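Novice: model this:
(one chain, ligands or ions: 1)
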Amino acid sequence: MNPAFGPAQIRDLTEIFVNKSCEVRDIWASRIIYSGKDAARIDTYSDLLKMTLDVIGLAGFNYEFKSLSGGEQPDSLHKAYSDLRRQTISGLKIYFIIWYLFPLSRKAPSSVQRATDKAVSEMRSIGTRLLAAMKRDVMEAQKAQTAHTQVQLDDNATPDTLPNRALLTLLVQANMRPDLPESQRLSDNDVIDQIRTFLVAGHETTSNATAWCLHALSQAPEVQQKLRDELWALPSDNPTMDELQALPYLDMVVRETLRMYTPVPSIQRIAMKDDVIPLETPVTDIHGKIHREIRMPKGTAVDVPILALNRSKAIWGEDALEFRPDRWENIPEAAKRIPGVWGNMMTFLGGPRACIGYRFSLVEIKALLFILIRAFEFEMAVPADRVLKGSAGIVRPTIRGEEEKGPQMPLMVRLHKHGECQSPQA
Ligand code: HEM
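Specialist: Numbers count the residues shown, from 1 in each chain. Okay, here's the model as predicted:
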């Protein structure tokens, strides 16, 4: 799948990110206007979640979830997925504790299990339909290509061999190449599993990071305004991937968000063989014995504490717990040694099983921030100490006293009148 996530593919998808960001902007603007005040309290989390689901539908499978527009009949996959998500964090925690402690309980279907089964089965049935449609499209495109070669048309008149630019189409096309060795071909079930992985891995992580970024910016008005100034300096309302990637302060804000508000706080791995891990700094155990390495027998469970690494004072310095994008102008030597796939962090992990969607996610977050920060000013709607970091795989925000509502990130959102607002630093 890696080639489908290269810079060229993400460049093509940027238009989808920007268009969907504009849809969020328009929805929020109309809510403010409808409120009759100059600012409205908006649950940014739920709309960002819908936006990223719509994006993964279009960019991943050329599939319209229409979850932002909402006016349409909600399709079955979106409904199943929403039902699954509505299970509250505490509900999920209790479910997993019971599941873990009482193996017999695993036989009795709980509401979480039923919702999971339903979502999985919906995803499978839609995945099967999508795959069939993609295969048809790819075969037609291949036929058109063959016909084109036979009549030897002018080189410049190459027919459109790809029916659309969705990532799954690229995967299906690569998988159907006649020269692909059988051993490397994915089965239909493998491809359908990829659809599920995309859905789960590819949208809530990104919306979550963006919501936490708006939360951080709401508490740091001077950072918010500095970012807004940079974004307005770009003379375009529809930025390309290259334009977004070339904005230095936007990049620093995104890095600092993904350091401080790591969506996936830790990852577990199992040692596949006996190993010895050397320690940079020796540790002394409770018996006073000094260890310069850790012996790890095959089968040992290993926790990669991503969030703890991202917030470690030993790595990032005494101000590690502060949201300070400027730190990225010159990061500490210790941070430079972190073997993450991106950004001197383990946020997207590292090594052969790192996140393959990191470029996709970064450009999507940047498109969202570009459109939203230019259009609005964000302030806290509740005191910061009421915003809790719940974790059920992903660090979702909840509000103390409103836990039953599930994840939310309410913010006061005000229309920004460009040219009228003075920078707080000015
Ligand atoms: C801020 C956003 C994101 C974060 C923090 C993130 C983080 C991660 C992490 C930590 C893993 C490793 C999980 C494990 O091995 O157990 C992972 C895997 C993965 N991610 Fe992401 N991800 C993000 C966005 C995305 C997006 C947007 C996509 C797709 C469009 C995506 C697709 C995947 C896939 C397919 C895998 C599995 C890779 C494999 O097993 O080889 N991710 N991600």
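Novice: Now the one residue in the stretch 51-200 of the chain that gets nearest to the ligand: which helix or strand?
Specialist: At 4.8 Å from the ligand, residue 197 is the closest residue in the stretch 51-200 of the chain, using CB to the nearest ligand atom. Every C-beta, even on glycine, is put in place using the N, C-alpha and C of the backbone. In the assignment (DSSP states H and E), residue 197 maps to helix 188-202.
Novice: which helices and strands sit right next to whatever helix or strand comes next after that helix?
Specialist: Next helix or strand after helix 188-202 toward the C-terminus (DSSP H and E): helix 204-219. Contact analysis of helix 204-219 by 3 or more CB pairs under 8 Å, 6 or more residues apart in numbering; DSSP states H and E lists helix 44-55, helix 221-232, helix 248-260, helix 358-375, strand 376-380, strand 395-399, strand 410-415 as its packing neighbours.
Novice: Confirm residue 282 sits in a strand?
Specialist: Yes. Counting by DSSP: H, G, I helix; E, B strand; the rest coil, one finds residue 282 located in a strand.
Novice: which ones are touching it?
Specialist: Neighbouring residues of residue 282 by CB atoms under 8 Å, 6 or more residues apart in numbering: 290, 291, 292.
Novice: residues from the stretch 1-150 of the chain in reach of the ligand?
Specialist: residue 56 (CB under 6 Å from any ligand atom).
Novice: Now do the helices in the stretch 1-150 of the chain.
Specialist: Along the stretch 1-150 of the chain, the segments classed as helices by DSSP state H, counting those that start in this stretch run 7-35, 44-55, 61, 76-86, 89-101, 111-150.
Novice: Among those helices, show the one with the smallest mean pLDDT.
Specialist: Lowest mean pLDDT of the helices of the stretch 1-150 of the chain: helix 89-101, a mean of 49.
Novice: before we move on, the earlier item: what's the spacing between the residue of the stretch 51-200 of the chain closest to the ligand and residue 419?
Specialist: Per CB to CB, to the nearest Å, residue 197 is found 45 Å from residue 419.
Novice: out of the two, which sits in the busier spot?
Specialist: residue 197 (14 against 6; other CB atoms under 10 Å).
Novice: Where does pLDDT dip in the protein?
Specialist: 1-4, 71-112, 148-165, 391-392, 420-426 (pLDDT under 70).
Novice: Can you name the residue of it nearest the ligand?
Specialist: Going by CB to the nearest ligand atom, the ligand is nearest to residue 357 of the chain, at 2.1 Å.
Novice: Mind putting the contacts of residue 282 into CSV with neighbour count and distance to the ligand?
Specialist: Output for the contacts of residue 282, formatted as CSV (neighbours: other CB atoms under 10 Å; distance: CB to the nearest ligand atom, whole Å):
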residue, neighbour count, distance to the ligand
290, 9, 33
291, 11, 28
292, 10, 29
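Novice: in the chain, which residue is closest to the centre?
Specialist: Centroid-nearest residue in the chain, with CA atoms, centre = their mean: residue 206, separated by 2.4 Å.
Novice: My read is that that one contacts residue 361, right?
Specialist: Yes. In this structure, residue 206 is within contact of residue 361 by CB atoms under 8 Å, at 4.7 Å.
Novice: Skip the chain neighbours and tell me the closest residue to the residue of the chain closest to the ligand.
Specialist: Take residue 357 and drop its neighbours on the chain: the residue closest to it by CB to CB, 6 or more residues apart in numbering is residue 202, 5.4 Å away.
Novice: Residue 244 now?
Specialist: Distance criterion CB to CB, 6+ apart; nearest residue to residue 244, sequence neighbours excluded, is residue 366 at 4.3 Å.
Novice: what number of residues lie near the residue of the chain closest to the ligand?
Specialist: The burial count for residue 357: 24, using other CB under 10 Å.
Novice: do the same with residue 144
Specialist: Residues contacting residue 144 under the criterion other CB under 10 Å number 14.
Novice: How about residue 120?
Specialist: Here the number of neighbours of residue 120 (other CB under 10 Å) works out to 13.
Novice: Which residues of the stretch 151-300 of the chain lie near the ligand?
Specialist: Residues of the stretch 151-300 of the chain found near the ligand (CB under 6 Å from any ligand atom) are 197, 198, 201, 202, 205, 206, 209, 263, 264, 267.
Novice: Just the buried residues from the residues you listed, in ChimeraX please.
Specialist: Typed into ChimeraX, the line below selects the buried ones among these, using 16 or more other CB atoms under 10 Å:
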select :198,201,202,205,206,209,263,264
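Novice: The residues of the stretch 151-300 of the chain next to the ligand into JSON lines, with extra columns for distance to residue 372?
Specialist: Compiled in JSON lines, these are given as follows (distance: CB to CB, whole Å):
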{"residue": "197", "distance to residue 372": "28"}
{"residue": "198", "distance to residue 372": "24"}
{"residue": "201", "distance to residue 372": "23"}
{"residue": "202", "distance to residue 372": "20"}
{"residue": "205", "distance to residue 372": "18"}
{"residue": "206", "distance to residue 372": "14"}
{"residue": "209", "distance to residue 372": "13"}
{"residue": "263", "distance to residue 372": "18"}
{"residue": "264", "distance to residue 372": "23"}
{"residue": "267", "distance to residue 372": "29"}
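Novice: check contacts around the closest residue in space to residue 379 that isn't next to it in sequence.
Specialist: Nearest non-adjacent residue to residue 379, counting by CB to CB, 6+ apart: residue 412, 4.3 Å away. Contacts for residue 412 were tallied using CB under 8 Å, 6+ apart; they are 39, 40, 41, 42, 218, 378, 379, 380, 381.
Novice: Could you tell me how many residues sit around the fourth one?
Specialist: Taking other CB under 10 Å as the neighbour definition, residue 42 ends up with a count of 23.
Novice: so it touches residue 410, yeah?
Specialist: Yes. Checked against CB under 8 Å, the pair residue 42 and residue 410 is within contact range at 6.9 Å.
Novice: quick one on the thing from earlier: contacts only, for the residue nearest to the centre of the chain.
Specialist: 52, 263, 361, 364, 365.
Novice: ok, now residue 61?
Specialist: So residue 61 contacts 130, 134, 166, 167, 168, 195, 198 (CB under 8 Å, 6+ apart).
Novice: at 10 Å instead, please
Specialist: Taking CB atoms under 10 Å, 6 or more residues apart in numbering, we find residue 61 in contact with 126-127, 130-131, 133-134, 164, 166-169, 171-172, 194-195, 198-199.
Novice: same question, residue 220
Specialist: Residues near residue 220 by CB under 10 Å, 6+ apart: 226, 227, 253, 256, 322, 323, 324, 325.
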